[in-house]
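Student: sequence unknown, structure follows:
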């Protein structure tokens, strides 16, 4: 059995703008298997243009050839979540996820990429140079605590011979 979409039931009573719309999937808010996947390459052919929107953080309804479809954010109103938060194992994972999501949104709002690896950036700044022919030379940033590669000469040489013979 595959994943269920949505993962948890969604309380649609919080979305008044979606009431009384004849939906293509009237049970979209109840976990269940996926009936049809429509790729983005043909999604536009299904759209008819009419929409119902709520707030900026609410899902909207789109008129399609298959009926009304729902898209956008929908947050499950799940009663078991506080129980999970009380468990230490899940609490640590949730805090980490919250931290990652917070950083993601900060970077999205900032509009500039972060320094991926401070050590790599430091090596770049210290070792970058330019040759007389205009080419740049930068040291490869190796991790200081990387394990040794071992003796791979024989394997590499045999692979070279295999490639040469092909």
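Tutor: Received the coordinates, thanks. Here the structure is a predicted model, which is why all the values come from computation and not from measurement.
Student: end to end on stretch 131-143, go ahead and measure it.
Tutor: 26 Å (C-alpha to C-alpha, to the nearest Å).
Student: contacts for that stretch?
Tutor: With contacts defined as C-beta atoms under 8 Å, 6 or more residues apart in numbering, stretch 131-143 is touched by 117, 119-120, 123-124, 126-130. Bear in mind the C-beta positions are built from the backbone N, C-alpha and C, glycine included.
Student: just put those residues in TSV and tack on secondary structure, pLDDT and distance to residue 100.
Tutor: Shown next, in TSV, are the contacts of stretch 131-143 (DSSP: H, G, I helix; E, B strand; the rest coil; pLDDT from 0 to 100; distance: C-beta to C-beta, whole Å):
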residue	secondary structure	pLDDT	distance to residue 100
117	coil	61	17
119	helix	69	21
120	helix	72	20
123	helix	77	26
124	helix	76	25
126	helix	85	30
127	helix	85	31
128	coil	85	31
129	strand	86	36
130	strand	85	38
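Student: out of these, which are buried?
Tutor: residue 123 (16 or more other C-beta atoms under 10 Å).
Student: closest one of the contacts of stretch 131-143 to residue 10?
Tutor: Nearest to residue 10 out of these is residue 117 (C-beta to C-beta; 39.1 Å).
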